[in-house]
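Trainee: Here you go, sequence then predicted model.
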Amino acid sequence: MRLARYLGHRILLAIPVVLGIVVLNFFLIHLAPGDAASVLAGESGAASPEYLEQLRQKFGLDQPLGTQFLVYLTNMLHLNLGYSFRNDSPVTDLILDRLWPTGLLMLTAFGAALVAGTLLGLIAATRRNSWRDSVISLVSLVAYATPGFWLGLMMIVVFAIHLGWLPTSGFDTVGADTEGWDQVWDVARHLVMPAIALSLFYLAVYARVMRASVLEQVGMDYVTTARAKGQTETRIMTGHVLRNALLPVVTMAGVQAGNLIGGSIVVETVFGWPGIGTLAFNALQSRDLNLLLGIFFVSACLVVLVNLAVDLIYTALDPRMEL
Amino acid sequence: MGAGLARFARNRMALFGAAILLGLLLLVLATPALFPGDPFRLVGPALQPPGGRFLLGTDTLGRDVAAQIAYGARTSLLIGVGATLGAILFGVIVGGLAGYYRGAVEIVLMRVTEFFQTIPAFVLAILIVAILSPSVTSEIIAIAAVSWPGIARLVRGEFAALGGREFILACTGLGASDARIIFRHMLPNCTAPIIAVGSLLIGTAILIEAGLAFLGLGDPNVMSWGLIISAGRAVLRSAWWICTFPGIAILLTVLAINLVGDGLNEALNPRLRER
């Protein structure tokens, strides 16, 4: 019951954020110099007059600004994101079609970064100032400074071109027509490099946060008490420290959700991964701004959802949080 | 501040980063002498591997990769520093207003700040550059527009803490104007943490710029590291060096900036020092 009320409260708080995203989108359209319709059409002058007229109507561009906003808001709330003439398909359908590959890539990268980062941070903190700690710190520093798309290209050179271990690009082998576990294996082989390229930066983030967080926790009184009671170090770590130390990592994971989407745009482009990122890149190439705005709207809404989930995980981890 | 710099000088990693940055700065200054002429100019046969007449090889059109990287350094630093300054300016205004006036102003401004922290920053940057059309200026605007929230939150915290201090109360009692208190007394008291956090932003800004240029949103007439990588991508199979070297340049530069930034943070950020 309390959970339901809490959930309702959080959802209420998410509404202004979604509204904010709509306002920002609307503002961006009008940031463009010149006729908004031809900017949205993207081919500056080359678009057919019919398409321009349709855009004007769709977005109410011939109406006063206030009416325009209301029209825009109604469209957005109905997930009616307009039509992409380049792809000859409604923007919403285009994005929904690509949701699964992008979701798979992001969840894999995120899961790998979270598990590996937390573990590395834990090792670094418990073996503070050892060679392990130094190596982990060095690797995080380098990973922190490496552009994901460049890492992806370098992995292609080494693992796909020179060693031939993994496929260079795509979601699965074209024309292979595999089924069952063979198909899973095929997709997994294609997934390895993009997932690593996307996750390395976040792995470094979580390792750093986790290390600092564990070090902060082991200095607390409750750890001394546990030790005085004669508990083993392993039990203190798993039973007491870990749960508390994970809280900042979970917070960080929520903060980074938006960045993960941005990262997947460049990484998907490198590996020809058929997700929202590649869709965004193609939209950029043809200056299909309406499609880009739609992608921004959907990805921002997804981030709001992720943050809702993070809030719930947080309350599960920390009973002190008021429901 | 003086004591902070002494602390910085004892940090070996930070000094290592500072040395790399100094080298980079010297390279930028020496570029016109080392590589005279336009970096877009064709200077030799196409796709020469590194180590021959051209230290880092040539690209698909026969342009010198080393010259491109040297000119790209200037672009990266210019955009990194420019965007960071923009972010600091905007962040100080938003955070300062929120922290000084508190109340409703603070609630509204901080909600907006949180909003900008939540939404996908890179996607927003892409949109802004695409709408304004690619150029150095629009890249700076876009990166600044997604980088300011951290500064705003920092400044709000500092201003809120300073607001209750006696010397500020004394100023108010003496009838000093809001502007005088803010610019003369409060802002100088939080320059150190702003510098510390801002220095780390430069690295992030350079990474975002590289990503934008890689996606084709860089200024096509200005040489940049992301542009070289995106041009070399098509011949990755036969000419690995075109993509490899600019990436190493990005990595080293951002690494150096982060090392210096971490050092400055430890030395200048009072909140971190207390731990």
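Mentor: Yep, it's here. Residues are numbered from 1 along each chain as shown, chains lettered A, B, ... in the order given.
Trainee: what's around the closest residue to B:Cys243 other than its chain neighbours, how many residues?
Mentor: Using Cβ to Cβ, 6 or more residues apart in numbering or on different chains and skipping the chain neighbours, the partner closest in space to B:Cys243 is B:Gly232 (4.4 Å). C-beta here means a position set from N, CA and C on the backbone, and glycine is covered the same way. Neighbour count of B:Gly232, defined by other Cβ atoms under 10 Å in any protein chain shown: 25.
Trainee: surely B:Gly232 meets B:Thr60?
Mentor: Yes. Assessed by Cβ atoms under 8 Å, B:Gly232 is found in contact with B:Thr60 at 7.4 Å.
Trainee: Could you name every residue contacting both of the two?
Mentor: B:Ala239, B:Ile242 (Cβ atoms under 8 Å, 6 or more residues apart in numbering or on different chains).
Trainee: And A:Met106, how far from chain B?
Mentor: 12 Å (Cβ to the nearest Cβ, to the nearest Å).
Trainee: Which residue ranges of the stretch 1-150 of chain B form strands?
Mentor: Assigned strands in the stretch 1-150 of chain B: none (criterion: DSSP state E, counting those that start in this stretch).
Trainee: let me redo that: chain A
Mentor: Along chain A, the stretches classed as strands by DSSP state E are A:83-84, A:89-90.
Trainee: hmm, who's touching the first one?
Mentor: Contacts of strand A:83-84 with the rest of the structure, by Cβ under 8 Å, 6+ apart, involve A:Gln54, A:Lys58, A:Ser89, A:Pro90, A:Val91, A:Leu94, A:Ala283, A:Asp288, A:Asn290, A:Leu291.
Trainee: Adjacent strands (with direction) for it?
Mentor: strand A:89-90 (antiparallel) (DSSP bridges).
Trainee: Report the distance from the strand it pairs with to the chain centre.
Mentor: 24 Å (Cα atoms, centre = their mean, to the nearest Å).
Trainee: Kindly report the same for stretch A:139-155.
Mentor: Worked out by Cα atoms, centre = their mean, stretch A:139-155 lies 17 Å from the chain centre.
Trainee: Start and end of it, how far apart?
Mentor: End-to-end distance for stretch A:139-155: 17 Å, by Cα to Cα, to the nearest Å.
Trainee: returning to what we had before: give the contact list for the residue nearest to B:Cys243.
Mentor: Applying Cβ under 8 Å, 6+ apart, we find B:Gly232 in contact with B:Asp59, B:Thr60, B:Ala239, B:Ile242, B:Cys243, B:Pro246.
Trainee: if you set the cut-off to 7 Å instead, what comes out?
Mentor: B:Asp59, B:Ala239, B:Ile242, B:Cys243 (Cβ atoms under 7 Å, 6 or more residues apart in numbering or on different chains).
Trainee: just curious, which of these is nearest to chain A?
Mentor: B:Cys243 (5.0 Å; Cβ to the nearest Cβ).
Trainee: Next one: A:Val250 from B:Leu34, what distance?
Mentor: A:Val250 sits 49 Å away from B:Leu34, going by Cβ to Cβ, to the nearest Å.
Trainee: A:Ala253 too?
Mentor: On the measure of Cβ to Cβ, A:Ala253 and B:Leu34 end up 45 Å apart.
Trainee: quick one, which of the two is more surrounded?
Mentor: Using other Cβ under 10 Å, the more surrounded residue of A:Ala253 and B:Leu34 is A:Ala253, with 24 against 11.
Trainee: Around residue 235, how many other residues sit close by?
Mentor: If you meant another chain, say so; for now it's chain A. Counted with other Cβ under 10 Å, A:Arg235 comes out at 12.
Trainee: that's the other chain; I wanted chain B
Mentor: 16.
Trainee: From chain A, how far out is it?
Mentor: Distance from B:Val235 to chain A, by Cβ to the nearest Cβ: 11 Å.
Trainee: repeat for B:Leu187
Mentor: 27 Å.
Trainee: What about that residue, how many residues nearby?
Mentor: B:Leu187: 17 neighbours (other Cβ under 10 Å).
Trainee: Could you look up the SS state of it?
Mentor: Secondary structure, DSSP: H, G, I helix; E, B strand; the rest coil: B:Leu187 is helix.
Trainee: From B:Arg10, how far off is it?
Mentor: 28 Å.
Trainee: Residue numbers of the stretch 51-200 of chain B in contact with chain A?
Mentor: Proximity of the stretch 51-200 of chain B to chain A (Cβ under 7 Å from any Cβ of the partner chain) is limited to residues B:115, B:117-124, B:126-127, B:130-131.
Trainee: B:Leu154: which of the residues you listed is nearest?
Mentor: Closest to B:Leu154 out of those is B:Gln117 (12.4 Å), distances taken as Cβ to Cβ.
Trainee: per-residue confidence for residue 211?
Mentor: I'll assume chain A. A:Arg211 is assigned a pLDDT of 87 by the prediction.
Trainee: Please refer instead to chain B.
Mentor: In this prediction, B:Gly211 carries a pLDDT score of 92.
Trainee: wait, doesn't it sit right on A:Ser264?
Mentor: No. With contact defined as Cβ atoms under 7 Å, B:Gly211 does not reach A:Ser264; the gap is 11.5 Å.
Trainee: Those two: which is more packed in?
Mentor: Neighbour tally, B:Gly211 and A:Ser264, criterion other Cβ under 10 Å: the higher count belongs to A:Ser264, 30 against 25.
Trainee: would you list the strands of chain A in CSV and tack on mean neighbour count and mean pLDDT?
Mentor: Output for those, formatted as CSV (neighbours: other Cβ atoms under 10 Å in any protein chain shown; pLDDT from 0 to 100):
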stretch, mean neighbour count, mean pLDDT
strand A:83-84, 22, 76
strand A:89-90, 14, 83
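Trainee: could the ones you listed go into CSV alongside distance to B:Arg153?
Mentor: Below are the strands of chain A laid out as CSV (distance: least, Cβ to Cβ, whole Å):
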stretch, distance to B:Arg153
strand A:83-84, 37
strand A:89-90, 39
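Trainee: So which of these is nearest A:Tyr202?
Mentor: Proximity to A:Tyr202 (Cβ to Cβ) singles out strand A:83-84 among these, at 30.9 Å.
Trainee: And B:Asn258, how close does it get to A:Leu77?
Mentor: 42 Å.
Trainee: Those two - which one has more neighbours?
Mentor: Set side by side, B:Asn258 and A:Leu77 show more neighbours around B:Asn258, with 22 against 11, by other Cβ under 10 Å.
Trainee: Return stretch B:146-157 as CSV; C-alpha atoms alone will do.
Mentor: What follows is stretch B:146-157, C-alpha atoms only, in CSV (Å, rounded to 0.1, in the frame of the first residue of the first chain):
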residue,chain,number,x,y,z
VAL,B,146,25.0,20.3,-21.7
SER,B,147,27.9,20.9,-19.3
TRP,B,148,26.8,23.7,-16.9
PRO,B,149,24.6,21.8,-14.4
GLY,B,150,27.6,20.5,-12.3
ILE,B,151,28.9,24.0,-11.9
ALA,B,152,25.5,25.4,-11.0
ARG,B,153,25.0,22.8,-8.2
LEU,B,154,28.5,23.5,-6.9
VAL,B,155,28.1,27.3,-6.8
ARG,B,156,24.6,27.0,-5.2
GLY,B,157,26.1,24.9,-2.4
